[in-house]
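Enquirer: Provide a 3D model corresponding to the input given below.
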Amino acid sequence: MEVNENICDDENYVIKTKVCKRLSKELGLEEIIIDDKIDCTVPEIHGLSNSDIIIPSYYQLHKHPSKILSIDYYEIIKDDIKNIRPLNKYQLEYIKELSDEKKNELIDIFNDCIKTFSDYLK
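Expert: Model prediction:
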């Protein structure tokens, strides 16, 4: 019969983290004393209006919430470029992580849009 030496010995187990007050009393551990005050300011505007928009409202996800599961952020970026909308910081970060093939496709779309815009101004 083999003996497993990795078996946990309950008597020698040492808790090395702080736990809630009630549990620390139950286990006979040091009581947690929290003296640090958290420096937190309440936002002036409550709700989601105080955070950045990742998917703009013109995609009408509020009318069709199930679309969120099928929406492709890459397609949103292509749509924004085609409609000459400035890309937000999340889109720019997303593009940095794309493959060269997809980046090239975005450059081609951008170039076609600029060409169309330039031709229109002539």
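Enquirer: OK, contacts around D100?
Expert: By C-beta atoms under 8 Å, 6 or more residues apart in numbering, the contact set of D100 is empty. For every residue, glycine as well, the C-beta is placed using N, CA and C.
Enquirer: relative to L106, how far out is it?
Expert: D100 sits 11 Å away from L106, going by C-beta to C-beta, to the nearest Å.
Enquirer: what do you get for K25?
Expert: Taken as C-beta to C-beta, the span from K25 to L106 is 60 Å.
Enquirer: and the two? which has more neighbours close in?
Expert: Taking neighbours as other C-beta atoms under 10 Å, K25 and L106 compare with L106 leading, 16 against 11.
Enquirer: okay, buried residues for the helix or strand harbouring that one please.
Expert: Using DSSP states H and E, L106 sits within helix 100-121. Buried residues in helix 100-121, counted by 16 or more other C-beta atoms under 10 Å: L106.
Enquirer: which residues touch the residue lying closest to K67 once chain neighbours are set aside?
Expert: Using C-beta to C-beta, 6 or more residues apart in numbering and skipping the chain neighbours, the partner closest in space to K67 is L61 (5.6 Å). Contact analysis of L61 by C-beta under 8 Å, 6+ apart lists I55, K67, I68, I71.
Enquirer: I'm done for today, thanks for sticking with me.
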